[in-house]
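A.B. asks: predicted model and sequence follow; I will ask about them next.
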Amino acid sequence: MNKRTSTLAIALVSTLTLGLAACSGGPSGGKADGSERKNPAAANAGAVLGGTPRQGGTLTVLSNQDFTHLDPARNWVMPDMDFGTRLLYRTLVTYRAEPGAKGSELVPDLAEDLGTPSDGARTWTFRLKPGLKYEDGTPITSQDVKHNVERSFSPDLPGGPDYAARYLAGAKGYQGPAQGGHLDSVKTPDARTIVFELDRPFAEFPFAATLPTFAPVPPKQDKGPQYDNRPFSSGPYKIETYARDKQLVLVRNTHWDPKSDSVRKAYPDRIVVTMGLKGNQIDDRLIASSGTDASAVSWAQLRPESLSKVLTKADVKARMLAESSSCTEMLQMHTGRAPFDDPKVRQAVQYALDREAIVTAAGGPAVTDSSSAAMPGALFAGGKQPDTLKIPLSGDPEKAKALLKEAGKPDGFSTRLTVSTNDKAIGEAVQQSLGKAGIKVTIDTVDPSAFYDTIGDTKSRTDLVYTGWCPDFPSGTTFLPFVFDGRYIKEKGNSGNHSLFRDDATMKRMDEIAAMTDGAAANKAWQELDGQILAKAPVAPAATKRRSLLVGTNVAGAYGHTSWGGQIDYATVGLKDPSKSTD
């Protein structure tokens, strides 16, 4: 971090980076005993596959889905943020383009440095680099960054990162710039300077400045919700064509200056994202790696049934990436709606859940580990989650039945569960394990591109959702408050807190921890709060996955980036021989 950042940020992040390193070296959440070396899926962890790419050619991305959002005000899904911020738009600060623990280090992007704090880290000032331009050659200004921060408040642009709403002074009740209103707490004294005034100290603000909220959007190009279809480029590529659910084609932005950008290498001339493919079809094409597929990478994780085809063939396994996602997947229960407003019922779900079955459904221990906490292992000392609930991995149906009886439901009850189509097998594992305790579950599957909008509609969503949360940076600050603070629940575009958990004691403790000036003490307090929240049972921890991705034989510079949930770092990926790639 920049030396001018505060003592709290340095102490906290230096402590937590050790946990992140342990996580990236272990199988889905970290092992302290070094047993990850025996895991066949971890063989390429921290490695860069294919050597250094050459300039040119077409990189193809094979995908089973469209993006959730590309509008930087709404982009808050790890793989989408990686794609957007590495290719289409730049942010004030970004992550270093390196595998392993170094990928969690911050570097300046649009800004000249990592920001200058003042007033006890309540005010942060950034100065943009000179000469930055958009795809049409017009200058990027501090006012454009302010505009995107302000538009992130708009009710018609839900679902994006809400750090601005949580921390900016005077932000309560603000509805965006559409009606001519502006935030006085975001100042732009000139075209290259932007100042953020916060309502409390936030030493980790440079980490928040890596998020798409802090990318520039010129007001003249802002088309409201339609901007999702054609973000205006400040990065190395611009959109040539975008047919929803079918194909996205990126071509070079000739006004991007590589001299101003230490991170993005922009090796391919074109990047083509082909959507709507079947998961098994993608896996089989990349395993064969023939024709244009040799110059392709996968967007989504390998299907569980494809893993045996990959791990049993040395030449194919050598092309597999499997970095830990550093995310925790959970079964979240609607705590504001009966019967899940009863803690006994929620505890029954915790005891009924068979985490071993979920691990199997997700592809087995080679790519998945069971979770015993809400926060991922990366945010705990030694990189390993504690087990505060002491529930057997296979669950305890009899204990669950006893809890249901105490709750006045000796015969169980019926409910519905929403899962992404990618997680249908996991949904079935949940269904079967809860069924053993008398909880009858009906599964609703949703396309991955619509999943977060669906579960983010708090009025129409199901009682149960299977989803996860990834820390935006290595701190409990960016996990527990986003998953369990009831003050930021939205009717539409709700993110993180899908249990709709509102608990006064929890929220009070969060505020106390956020006010701590001792980084180590804050870190310990977040860890303790994790267990206290689980005892109130808004969620049942389930699993942590490795992001298993396959690349073609002509792909180079590929690695899973630890800060993007293990997704391929699109800043550096390219081709060995560009002449072998065709559209």
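C.D. replies: Yes, it's here. Here the structure is a predicted model, which is why all the values come from computation and not from measurement. Numbering: from 1, shown residues only.
A.B. asks: do a quick rundown of the helices in the stretch 51-200 of the chain.
C.D. replies: For the stretch 51-200 of the chain, the helices defined by DSSP state H, counting those that start in this stretch cover 78-83, 142-151, 163-167.
A.B. asks: which residues are contacting the first one?
C.D. replies: Surrounding helix 78-83, the residues in contact under the criterion C-beta atoms under 8 Å, 6 or more residues apart in numbering are 67-70, 75, 211-212, 299, 325, 327, 470, 561, 564-565, 567-570. The C-beta positions use only the backbone N, C-alpha and C, and glycine is treated the same way.
A.B. asks: distance from that helix to the middle of the chain?
C.D. replies: In terms of C-alpha atoms, centre = their mean, to the nearest Å, the centre of helix 78-83 is set 7 Å apart from its chain centre.
A.B. asks: just the element for the closest residue to residue 133 other than its chain neighbours, please.
C.D. replies: What sits nearest to residue 133 in space, not counting adjacent residues and going by C-beta to C-beta, 6 or more residues apart in numbering, is residue 255, at 4.3 Å. Taking DSSP states H and E as the criterion, no element holds residue 255; it sits outside all helices and strands.
A.B. asks: ditto for residue 242
C.D. replies: strand 237-243.
A.B. asks: for that strand, buried residues please.
C.D. replies: 237, 238, 239, 242 (16 or more other C-beta atoms under 10 Å).
A.B. asks: so after that strand, what's the next helix or strand?
C.D. replies: Toward the C-terminus, strand 237-243 is succeeded by strand 247-252 as the next helix or strand (DSSP H and E).
A.B. asks: and that following strand with strand 237-243, angle?
C.D. replies: 160 degrees (axes from the mean of the first three to the mean of the last three C-alpha atoms, to 10 degrees).
A.B. asks: mind listing the strands strand 247-252 pairs with, and their directions?
C.D. replies: In the sheet, strand 247-252 lines up against strand 237-243 (antiparallel), strand 270-274 (antiparallel) (DSSP bridges).
A.B. asks: reformat these as a markdown table; add distance to residue 155 and mean pLDDT.
C.D. replies: Output for the strands paired with strand 247-252, formatted as a markdown table (distance: least, C-beta to C-beta, whole Å; pLDDT from 0 to 100):
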| stretch | distance to residue 155 | mean pLDDT |
| --- | --- | --- |
| strand 237-243 | 24 | 98 |
| strand 270-274 | 29 | 98 |
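A.B. asks: make JSON lines from those strands and add distance to residue 557 to it.
C.D. replies: Formatted as JSON lines, the strands paired with strand 247-252 follow (distance: least, C-beta to C-beta, whole Å):
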{"stretch": "strand 237-243", "distance to residue 557": "16"}
{"stretch": "strand 270-274", "distance to residue 557": "13"}
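A.B. asks: give me the below-cutoff pLDDT ranges for this structure.
C.D. replies: Confidence mapping of the chain against pLDDT under 70 gives the ranges 1-40, 42-43, 583.
A.B. asks: please, where are all the strands along the stretch 451-583 of the chain?
C.D. replies: Assigned by DSSP state E, counting those that start in this stretch, the stretch 451-583 of the chain shows strands spanning 464-469, 539-550, 555-556, 574-575.
A.B. asks: to residue 341, which of those strands lies closest?
C.D. replies: Taking C-beta to C-beta, strand 464-469 is the member of the strands of the stretch 451-583 of the chain nearest to residue 341, at 13.7 Å.
A.B. asks: which neighbouring elements make contact with that closest one?
C.D. replies: Contacts defined by 3 or more C-beta pairs under 8 Å, 6 or more residues apart in numbering; DSSP states H and E place strand 464-469 against strand 328-333, strand 413-420, helix 424-435, helix 448-455.
A.B. asks: mind checking the ones you listed for the one nearest to residue 84?
C.D. replies: Using C-beta to C-beta, the nearest of those to residue 84 is helix 448-455, at 14.2 Å.
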